[in-house]
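>>> Return atomic coordinates for the entry below.
(2 chains)
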Amino acid sequence: DTGVSQNPRHKITKRGQNVTFRCDPISEHNRLYWYRQTLGQGPEFLTYFQNEAQLEKSRLLSDRFSAERPKGSFSTLEIQRTEQGDSAMYLCASSSSLEADTQYFGPGTRLTVL
Amino acid sequence: AQTVTQSQPEMSVQEAETVTLSCTYDTSESDYYLFWYKQPPSRQMILVIRQEAYKQQNATENRFSVNFQKAAKSFSLKISDSQLGDAAMYFCAYRLLEYGNKLVFGAGTILRVKS
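Just a heads-up that it's a prediction; the model follows:
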C-alpha cells in the first residue's frame, strides 16, 4: 500500500486561470476528503465523498470550486478563475469504515496564485 | 460552533525529556473520536494517536500517550523520551460520529526539540 498520493505537488498559476488537482486514495478506502490549509493554521474541511457520491460540502467551497470522484477511486479538485486568496496547501485524505474512518493524508498540493 | 483550541502556539523540550501538549474542544455531542496528527516540515500529516470518546482508558502508542478528560473536554498529548524526529507541528482534531466525517482541527502547536 503506497498511501495517499497527490499531484501535482506544487502549482504556480496566474490569477484568473483554472487549476486542477488530483488525489489517489489508499486502495480499498471508500471515503475521500479534501481540506485546505493556509500557513500556520490547521486544515479546514472542504468536501467529502463516499464512493462516487459527494456527501458534504463546506461553505468554504465557493462556486468556483468543484470536486469529483467519478468512479469512486481517484478524485479531482478544480478551481476556476483563481484568486490570490486561493493560495494554500490543498490536502487530500482517505479512510475506511473498517478502521473507524481514521483519515490518512497525502502530501498535499501547494497552490500559489500570482 | 464546534471548535478545537490549542493554547500553546509553540513548545520546546530537551531531547530525552517529556513534554505535554494541550488541547481543549467544544462539542455538545457525546460520540466522537479525537486525534493527534503530526506535520513535520515536509508537510505530510501523520496520525499519531486516536481516542474514542466512549472509552475511558487513555490511548497509548509507544512514547505517545493521551490524557483524555471527557467532562472537561480536554485531550492532551504526552511525548516521553523526546527525540529530534519529534520536532513538528502537532494538530489536535475531533470527528463527530453523527454529523458526517469531517475533522475539525485546532491551530496547532510547534514542537521544537533541543539536543
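>>> From now on I want contacts and neighbour counts done on CA atoms only, so please keep to that.
Fine.
>>> Just the pLDDT for the residue most central in space within chain B.
In chain B, the centroid-proximal residue (C-alpha atoms, centre = their mean) is B:W36; its distance is 3.3 Å. For B:W36, the pLDDT comes out at 97.
>>> Look at it and give its secondary structure.
strand (DSSP: H, G, I helix; E, B strand; the rest coil).
>>> And A:D63, by the same measure?
A:D63, by the three-state scheme (three-state DSSP), is coil.
>>> How much space separates it from chain B?
A:D63 sits 20 Å away from chain B, taking C-alpha to the nearest C-alpha, to the nearest Å as the criterion.
>>> What residue, apart from its backbone neighbours, is nearest the residue nearest to the centre of chain B spatially?
Counting by C-alpha to C-alpha, 6 or more residues apart in numbering or on different chains, B:C92 is the residue found nearest to B:W36 once chain neighbours are left out, at 4.6 Å.
>>> what about the one you found, neighbour count?
Residues contacting B:C92 under the criterion other C-alpha atoms under 10 Å in any protein chain shown number 30.
>>> residue contacts, the residue nearest to the centre of chain B?
Taking C-alpha atoms under 8 Å, 6 or more residues apart in numbering or on different chains as the criterion, B:W36 is in contact with B:L47, B:V48, B:I49, B:R50, B:L77, B:Y90, B:F91, B:C92, B:A93.
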